[in-house]
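Asker: sequence plus predicted model, see below.
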Amino acid sequence: MIYQKLYENAIYPAYHWLMKDGANAAIREIDRNERLGREALEELTLGKLRKLLVHASVNVPYYGDRLGDVAMSGSPSEFVESFRGLPPLSKATINQNLESMISTDLHGNGLDKNSTSGSTGEKLIFYTDWRSGAYRKATVRRSQRWLGVKPGEPEVRLWGSPIDIDRAKSFRGLVHSMISREKMLSAYSMDEASLHEYLRFCEKFKPRLLIGYPSALMIFAAFLERQGARLPSLRAISCSAETLYDHDREYLARVLGAPVYNRYGCREVGDIANEVPDADGLLVGSDRLYLEILDEQGNPCAPGEQGEVVVTDLENYGMPMIRYRIGDLARWAPESARGFDKYPFPMLESVDGRTLDIVHAPNGNRIGGTYWTILLRNRPGIEKFQVIQDTHDSIRVLYVREQGGSPDFDYYRKEIAERCGDELRVDFIETEQFEQPPGAKFRLIMSKLKDGGQSR
């Protein structure tokens, strides 16, 4: 308790003051916004959106001509109506126009290069600026406070991105982990030996918060159940990057002994919406994002109506992503939903568009969808892919070849064998047509095992 107070009130703000990264100011603003009324927050959001568009029209070549028809002045309704006339931004468009989408005037700001395949398997290179990074830190801090977890309390992430893992293993990352008491455990390694190691660490570390992919957390929870182990220190479990199903939520809560909350976000824009204990939905961080849910004709969806998620990061001036199509489906919550009377933020009823299965390897390892997205974009040559497990000892990797690229199949097979064992047959099949269940969104990882390959 003493260290937590010291970290929150002295160590954390002093560090970011020395770094001059804007995090302290972003935190003060983000926390202040929570006390606004709904109309005041909407006014703040539209003000930020106008400001971003003015910046983009002047300093970002890609948007120079495209924003001419947007009513920068005038009433909020006129502005929003004209804004909706902008064509949504796709991954393919960004890939084709990357250099022209970067601001020519960063005003002392800086850029960080990033990449993702998301839930669609389509590779994307993009940049986020330091300003947006400060606001991401602030919204993560706020969302964790909503879950009852304070800065400096022990936190464990069961994660798999090599970007995050490499950062955690760096000298700076190790120092940060020691001071902040945030520990990263690799979701790449989920064999019995690794699970034993993770359990021993958690029993000693006593995390208040456990963050991870639902698929990885399910594997960890099943292991704990077999061991008859518990983690009584946990105050909350936060699931992200994959669909959180009701039966998985119930199982995780029962076995791990803490409430489970859904967190919706993506690497491109950070946290988008978060479940909280006293609301029936996911609160949208509308003070740093402008979120739309659109039907097939591009019109706004009514509450309860499923539509496509389109988002604008209001703080990324280095490479504005305006009306960006993430590739997910969601629904707005009705105004009668619990939480509308307490929070000024818009609320999602559900996020419906992320479906990543598990590949069950003959050697006993269970590999979640995120591993495959990271592996198959680690080398040039594959533009888009889908992994299908037909039997316990075989998978098919359907792929679209990158223009002018040559996939390094030997590298992929070697990496897969190290994780899954030599017994798993891997067939790479070039195609223009991926498999899709009737009525479902594209599934990046699809298991056709009769029992899903799971046993517990």
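Answerer: That came through, no problem.

Asker: look up phi and psi at the closest residue to residue 340 other than its chain neighbours.
Answerer: Distances taken as C-beta to C-beta, 6 or more residues apart in numbering place residue 347 nearest to residue 340, at 6.5 Å, with adjacent residues excluded. To be clear about C-beta, it is placed using only N, CA and C from the backbone, and glycine gets the same treatment. The phi and psi torsions at residue 347 (degrees, to the nearest 10) take the values phi -130, psi 130.

Asker: which residues sit in contact with residue 347?
Answerer: 273, 279, 281-284, 332-333, 337, 339-340 (C-beta atoms under 8 Å, 6 or more residues apart in numbering).

Asker: strands of the stretch 301-450 of the chain, start to end?
Answerer: 307-313, 324-332, 347-351, 358-360, 366-368, 382-391, 394-401, 425-430, 445-447 (DSSP state E, counting those that start in this stretch).

Asker: now those strands as CSV including distance to residue 267 and mean pLDDT?
Answerer: CSV is the format used below for these (distance: least, C-beta to C-beta, whole Å; pLDDT from 0 to 100):
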stretch, distance to residue 267, mean pLDDT
strand 307-313, 12, 94
strand 324-332, 10, 89
strand 347-351, 16, 93
strand 358-360, 21, 81
strand 366-368, 16, 73
strand 382-391, 17, 90
strand 394-401, 21, 94
strand 425-430, 26, 96
strand 445-447, 18, 83
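
Asker: please identify the deepest-packed of the ones you listed.
Answerer: strand 366-368 (a mean of 26; mean count of other C-beta atoms under 10 Å).

Asker: can you give me how far stretch 189-209 is from the chain middle?
Answerer: 23 Å (C-alpha atoms, centre = their mean, to the nearest Å).

Asker: go ahead and name everything in contact with it.
Answerer: 144, 147, 149, 153-156, 158, 183, 185-186, 210, 216, 219-220, 223-224, 227, 229, 231, 233-238, 363-368.

Asker: which residues of the stretch 51-200 of the chain score low on pLDDT?
Answerer: 108, 117-122, 161-177 (pLDDT under 70).

Asker: which residues does the closest residue to residue 348 other than its chain neighbours contact?
Answerer: The shortest distance from residue 348 to any non-neighbouring residue, by C-beta to C-beta, 6+ apart, is to residue 282 (4.3 Å). Each residue near residue 282 by C-beta under 8 Å, 6+ apart is listed here: 262, 264, 273-275, 347-348, 351.

Asker: do you know which of the strands of the stretch 301-450 of the chain lies nearest residue 73?
Answerer: Ranking the strands of the stretch 301-450 of the chain by proximity to residue 73 (C-beta to C-beta) places strand 307-313 first, at 18.9 Å.

Asker: that closest one pairs with which strands?
Answerer: strand 289-294 (antiparallel), strand 324-332 (antiparallel) (DSSP bridges).

Asker: for it, list the C-alpha coordinates in PDB.
Answerer: Output in PDB follows, covering the C-alpha atoms of strand 307-313 (Å, rounded to 0.1, in the frame of the first residue of the first chain):
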ATOM      1  CA  GLY A 307     -22.700  -2.600 -38.000                       C
ATOM      2  CA  GLU A 308     -19.100  -2.000 -39.000                       C
ATOM      3  CA  VAL A 309     -16.700  -0.200 -36.600                       C
ATOM      4  CA  VAL A 310     -15.100   2.900 -38.100                       C
ATOM      5  CA  VAL A 311     -12.800   4.900 -35.800                       C
ATOM      6  CA  THR A 312     -10.800   8.100 -35.800                       C
ATOM      7  CA  ASP A 313      -7.900   8.600 -33.400                       C
END
